[in-house]
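1. Provided below are the primary sequence and the corresponding predicted coordinates.
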Amino acid sequence: MKQHLEKWREVEARLVQKHAPFNVFALFLYEDIHRANQWEVVMAAPWLNRRLSFLREVDSVIKEVFEVTVPTDQNLAATYHTAFVGSILYDISRLNIIDMHHPDLPALLELVTQEKHDAKGVLELRHCHLLGQDVAHAFILSAHSVAQLVSK
């Protein structure tokens, strides 16, 4: 997944350009054996909604950025597979919109301010507890409190 972070940043940038900044935009791989090798795209922002139209928009942007050709009759249901350039296949199990009132969101935002990020601002974490879940691996591309976004 790490080798594709620039593409994920582009997915985020395209959505931000059309809507507004995210409070959280991240990729989580859970410890749960039933979700092994299934990454989840985690998003939080006051402007987000759970409408199918928004999820289809995210789906469309991912396919554009990763240059994926999928038959038009494919449904957006249960498991969402994205084939990446170079014949690498990762499972994106879910597009997860986190409620801004999630009780663990402030702790995630606080953690992000304390941890060391790479040169591009991405925080990579392993074997941690985030948003009430045991996470094996996470890449947090963006994490800002509402106050930080207002001050920008």
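-> Received, thanks. Residues are numbered from 1 along each chain as shown.

2. residues near Ser93, how many?
-> With neighbours defined by other C-beta atoms under 10 Å, the count for Ser93 comes to 20. Every residue, glycine included, has its C-beta placed from N, CA and C.

3. SS state for it?
-> Classification of Ser93 using DSSP: H, G, I helix; E, B strand; the rest coil returns strand.

4. hang on, it packs against Gln38?
-> Yes: Ser93 is within contact range of Gln38, at 3.5 Å (criterion: C-beta atoms under 8 Å).

5. contact partners for the nearest residue to Val58 once chain neighbours are set aside?
-> In space, and not counting its chain neighbours, Val58 is closest to Leu95: 5.4 Å by C-beta to C-beta, 6 or more residues apart in numbering. The contact partners of Leu95, by C-beta atoms under 8 Å, 6 or more residues apart in numbering, come to 40-41, 43, 55, 58-59, 80.

6. enumerate the beta-bridge partners assigned to Leu95.
-> Val41 (DSSP bridges).

7. pLDDT score for it?
-> For Leu95, the pLDDT comes out at 88.

8. hmm, back to that, out of the contacts of Leu95, which is most surrounded?
-> Val41 (23 neighbours).
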